[in-house]
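1. no FASTA, just this:
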């Protein structure tokens, strides 16, 4: 996918109608359409098998289809799914080069025993595979390239006008974010009361849902969005349930929940840039229990052959991130003081996915200053964690009416108005330089906080968690006029960093041992040491 | 005491030598000196009985003296103490008007069976009595006047030069602080390595302590300092133990500890402006256990007839403030998020006695901006708690040498250089106006935080904890352009408050019910509603 020109993708995204968008995601090797019966599929792209089967009755529920993909000693069992109009599909993301063969299985003769093969060839340039946990508290792509999440939040962007969607993708091209928290279901919440263009299930004019009939057009559009993000190098942190609902998706019966999950998993797991977020604020979903979410996790574990990242986000009551089936913590918190305890207890990456948003709304979660938003990202990084951005600005000249509100990034996408994104871009570059250069294989793992006081500095660590060559200090609201830095073995270069002005000033000379250094005596400064010999 | 001209007191404080200071604290009714054998002692001032007894042997240890003070059905048993040169004293702070009589008791005939009486008359103007806990989470003087602690920190001020001590008292006259955290023992710590002029125990030229012999001159000076503070309306939060020691006071044997405490209690309990802080950072005193501090608390409870406030301060491991013998929490913390839980659990006032200090030192506890210091005081107040100030500025042009450092307020006193004190003065005035006008009897109790989100606003509450007539909002780093305030019953005036610019701007009209109000869209603003009808 990454080899396709990004402008082309945006053009695809800007096609005249949602129906056109829904016609199919680009970059899929489609067995049914291809001239060659033995296509070549680059590693981490998608192979899609389409078969014709029954279109009458209740094909979403009644017709089961699976396929086994095999290479050498490996075999992977995948669920297929019904895509409407008699089309049944199985999608597979090969993760190893070589000859793969497949065999389908179904009680329906038309879908059973179909076989074929394809060659998985070298990954496309820029494709690094899915992201997973690496080195305990950190992430990396499948090819070993470190992935440092600097996410943002656009909950309902796929449910907005095409114009807004195009605007949002264009904004992302120049933004520092490599992960987006986004809802699958439409959202009914403050400032977001619009009706979506497409519903995830068939729905009567009277508003009655048929939870047994997913809407293929809805999913085709969603897949287009995920593919657009993939092309931009952005992970789609896809939220599968949420409480902000007036259509009935938050209160489906358990059987419908589970069938929905299996459908989503069959359709989307082959997109390499998916993360599964089981819910936003799961504890506000009063029709569900913690046990329901445990079960959802198990379904995702079992049906996602890729093993994408899995977490869940809470409002007030934390999910137990110690469970083996959770890959990382997805916090609603800005309690960075607790980071050391959480990192030690869970032995997993900790992502502060909601630390409130930069903006000027009337709700306290939506009116941080840009300075405070940027500060929180710094605090998380210096604590050895990761932090997700969000933005909630409304025009101060608008009427204070949430029903007459223009696009707000956090919900609708559109454009960014805040002052924190350039600072987050600056920090992301610093982290990538400091903790492991992006694009290299097997870099250093990430930044880990000093033992105590933990949020003053973080060191780049190697895969064994051992501090290595680079140390990043952040002074937050502290304004020392000098400081004695206890440098580890070796000689170090030093750079004064102003995180808000986004300047890096190299200091002359090198430094070793206990280093007493005059500082600015102003707050919110940073400093980086890097070993030179 | 408060009737004595404050300038007179400062003159006393500026007398030519420490010996002169040590000659005695002003304002004590001294039975041995008085022309009348039946003096009149204003309520909450001090009656002091002096008797002559043996001066040979080991009078501090061997000679026991006590006295019972009685009026009507009440009697109070008090320890006496040896003050050197054959003088034995008993001090009593009468808390009720009327005729008090006393009888001494001792195994020594010269000190035994001495009787007398005095009249306790009306309190002097401005004297409100000792402070105690009132209305669960708050404080009041004995006469019912609310006391809202806005403290500061000058750990070792009594151990500095006379010039510095005078400078510090002069500074306090214009400062907003009504409580001081101060150590009895001299302090040996960063930036404070000087030798004190007076030691609390007799000490040989070779530096050997005689823990059986307190130094009366030391205590006379300490008492002068406490009386100076009393005259300024400042509570002396007297720290009885601390770990910053090179003289041996942190590692005395248990017997010496207990005898020291009894001596201090006999000498100082009759000063109405005393609070007992059992220790600073008790958990850093490696020669002591938690059980030692439990025992110290019991001694203080038993020997302090006035029942002054009692707490202890920690570094990392919190003392159990739930114990019945602790009157209030004295935290080293700036975790205001935990305030609701602590208030609910302990059912006591919570004083954040160390939230780091405004300054520019090289230690992270000593280099907050003035903005952050002032912000923390606001956050504590809006959480329904109290916060203590501290300041640690060094001259940026000085050599970075802690042995060549001029006075730092936090340790030495001197003058204030920071930007937070005027803002704290402004906030203190707001709190006094909002939660209960100072000087009135039985005012409203204090401010209590809204249930959730707790730190956005606090309401003045009455003695039953019921919210009444005034609500103070603080927006911290939030910058809403409008907000909907859910006002309780009644009509309210509103004032926009800029805590940093220290402006209060009344808004025209009155407000009732759900009130949507345009705000500045800038951070760190506040707003006050007061019921008008």
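-> Cool, the structure landed. In this text, all values refer to a predicted model and were calculated from it rather than measured experimentally.

2. how far off centre is the strand or helix carrying residue A:473?
-> When elements are defined using DSSP states H and E, residue A:473 is found to belong to strand A:467-474. Here strand A:467-474 is found 27 Å from its chain centre; the criterion is C-alpha atoms, centre = their mean, to the nearest Å.

3. what pairs with it, parallel or antiparallel?
-> Applying DSSP bridges, strand A:467-474 is found paired with strand A:457-461 (antiparallel), strand A:526-531 (antiparallel).

4. mean pLDDT lowest for which of these?
-> If you rank those by mean pLDDT, strand A:457-461 sits at the bottom with a mean of 81.

5. other residues contacting that one?
-> A:135, A:381-384, A:434-436, A:444-450, A:467-474 (C-beta atoms under 8 Å, 6 or more residues apart in numbering or on different chains). Quick note: C-beta positions are derived from backbone N, CA and C, even for glycine.

6. what about the residue in the stretch 101-250 of chain A positioned nearest to chain B, neighbour count?
-> Nearest to chain B in the stretch 101-250 of chain A, going by C-beta to the nearest C-beta, is residue A:190, at a distance of 11.4 Å. Per other C-beta atoms under 10 Å in any protein chain shown, the neighbour tally for residue A:190 reads 17.

7. ok, now residue A:451?
-> Other residues close to residue A:451 by other C-beta under 10 Å number 7.

8. before we move on, what about residue A:195?
-> 10.

9. show me what the residue nearest to the spatial centre of chain A is bridged to.
-> Most central in chain A under C-alpha atoms, centre = their mean is residue A:237, positioned 3.1 Å from the mean C-alpha point. Residues in a beta bridge with residue A:237, per DSSP bridges, are residue A:181, residue A:275.

10. so it touches residue A:179, yeah?
-> Yes - assessed by C-beta atoms under 8 Å, residue A:237 is found in contact with residue A:179 at 5.4 Å.

11. surely residue A:418 touches residue A:366?
-> No - in terms of C-beta under 8 Å, residue A:418 does not count as a neighbour of residue A:366; the distance is 11.6 Å.

12. where do the contact lists of these two overlap?
-> residue A:359.

13. still on that earlier bit, can you put the strands paired with strand A:467-474 in CSV and add mean neighbour count?
-> CSV is the format used below for those (neighbours: other C-beta atoms under 10 Å in any protein chain shown):
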stretch, mean neighbour count
strand A:457-461, 23
strand A:526-531, 20
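
14. make CSV from those and add distance to residue B:167 to it.
-> What follows is the strands paired with strand A:467-474, written out as CSV (distance: least, C-beta to C-beta, whole Å):
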stretch, distance to residue B:167
strand A:457-461, 38
strand A:526-531, 36
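
15. closest one to residue A:175 among the ones you listed?
-> Closest to residue A:175 of those is strand A:526-531 (C-beta to C-beta; 21.8 Å).

16. enumerate the residues of chain A near chain B.
-> A:335, A:337, A:360-364, A:367-369, A:371-372, A:394, A:396, A:400, A:453, A:456, A:477-484, A:516, A:518, A:521, A:523 (C-beta under 8 Å from any C-beta of the partner chain).

17. other residues contacting stretch A:306-316?
-> A:93, A:95, A:130-133, A:139, A:181, A:239, A:269-270, A:272, A:274-284, A:293, A:297, A:300-301, A:319, A:321, A:325-332, A:351, A:353-354.

18. just the ones of those residues in strands?
-> Among the contacts of stretch A:306-316, the ones falling in strands (DSSP state E) are A:131-133, A:139, A:181, A:239, A:274-277, A:329-332, A:351, A:353-354.

19. buried members of those into PyMOL, please.
-> Of the ones in strands among the contacts of stretch A:306-316, the buried ones can be selected in PyMOL as follows, counting by 16 or more other C-beta atoms under 10 Å in any protein chain shown:
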select buried, chain A and resi 131+132+139+181+239+274+275+276+277+329+330+331+332+351+353+354
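
20. what about the closest residue to residue A:80 other than its chain neighbours, how many residues nearby?
-> In space, and not counting its chain neighbours, residue A:80 is closest to residue A:65: 3.4 Å by C-beta to C-beta, 6 or more residues apart in numbering or on different chains. Residues lying near residue A:65 (other C-beta under 10 Å) number 26.

21. my guess is residue A:65 meets residue A:49, correct?
-> No - in this structure, residue A:65 is not within contact of residue A:49 by C-beta under 8 Å, at 9.6 Å.

22. which residues are common contacts for the two?
-> A:80, A:90, A:104.

23. quick check: beta-bridge partners of the last one?
-> By that I understand residue A:104. With DSSP bridges as the rule, residue A:104 is bridged to residue A:67.

24. and it, what is it in contact with?
-> Neighbours of residue A:104 in contact, by C-beta under 8 Å, 6+ apart: A:49, A:51, A:65-67, A:80, A:90, A:111-115.

25. one more: residue A:278?
-> A:239-241, A:293, A:296-297, A:300, A:310-312.

26. now it: closest residue in space that isn't a chain neighbour?
-> Nearest non-adjacent residue to residue A:278 (C-beta to C-beta, 6+ apart): residue A:312, at 3.9 Å.

27. and the one you found, how many neighbours?
-> There are 28 residues near residue A:312, going by other C-beta under 10 Å.

28. got it, and the one 5 residues further on?
-> Residue A:317 is surrounded by 10 other residues when neighbours are defined as other C-beta under 10 Å.

29. tell me how far it lies from chain B.
-> 14 Å (C-beta to the nearest C-beta, to the nearest Å).

30. so what does residue A:69 have for phi and psi?
-> phi -100, psi 130 (degrees, to the nearest 10).

31. roughly how far does it sit from residue A:80?
-> The gap separating residue A:69 from residue A:80 is 12 Å, by C-beta to C-beta, to the nearest Å.

32. how about the strands in the stretch 401-533 of chain A?
-> According to DSSP state E, counting those that start in this stretch, the stretch 401-533 of chain A carries its strands in the segments A:446-449, A:457-461, A:467-474, A:482-486, A:492-498, A:503-506, A:514-518, A:526-531.

33. highest average neighbour count across the ones you listed?
-> strand A:446-449 (a mean of 26; mean count of other C-beta atoms under 10 Å in any protein chain shown).

34. elements contacting that strand?
-> When contacts are defined as 3 or more C-beta pairs under 8 Å, 6 or more residues apart in numbering or on different chains; DSSP states H and E, strand A:446-449 packs onto helix A:370-382, helix A:420-435, strand A:457-461.

35. lowest average confidence across the ones you listed, which one?
-> Among the helices and strands packed on strand A:446-449, strand A:457-461 scores lowest, with a mean of 81.

36. taking their axis directions, it and helix A:370-382 sit at what angle?
-> Strand A:457-461 runs at 50 degrees relative to helix A:370-382, counting by axes from the mean of the first three to the mean of the last three C-alpha atoms, to 10 degrees.

37. between strand A:482-486 and strand A:457-461, find me the angle.
-> 30 degrees.

38. so where's chain A uncertain?
-> A:1-37, A:399-405, A:436-444, A:452-455, A:462-468 (pLDDT under 70).

39. about what we covered before: okay if I get the strands of the stretch 401-533 of chain A as CSV plus distance to residue A:163?
-> Supplementary listing: the strands of the stretch 401-533 of chain A in CSV, determined by distance: least, C-beta to C-beta, whole Å:
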stretch, distance to residue A:163
strand A:446-449, 38
strand A:457-461, 41
strand A:467-474, 40
strand A:482-486, 51
strand A:492-498, 38
strand A:503-506, 37
strand A:514-518, 52
strand A:526-531, 39
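
40. neighbours around the closest residue to residue A:331 other than its chain neighbours, how many?
-> Sequence neighbours aside, residue A:352 is the residue nearest to residue A:331 in space, at 5.0 Å (criterion: C-beta to C-beta, 6+ apart). Using other C-beta under 10 Å, residue A:352 is surrounded by 25 other residues.

41. what's the answer for residue A:253, then?
-> 10.

42. all helices of the stretch 101-250 of chain A, in order?
-> With DSSP state H, counting those that start in this stretch as the criterion, the stretch 101-250 of chain A has helices at A:162-173, A:216-231.

43. ranking these by burial, who's on top?
-> Comparing the helices of the stretch 101-250 of chain A by mean count of other C-beta under 10 Å gives helix A:216-231 as most buried, with a mean of 23.
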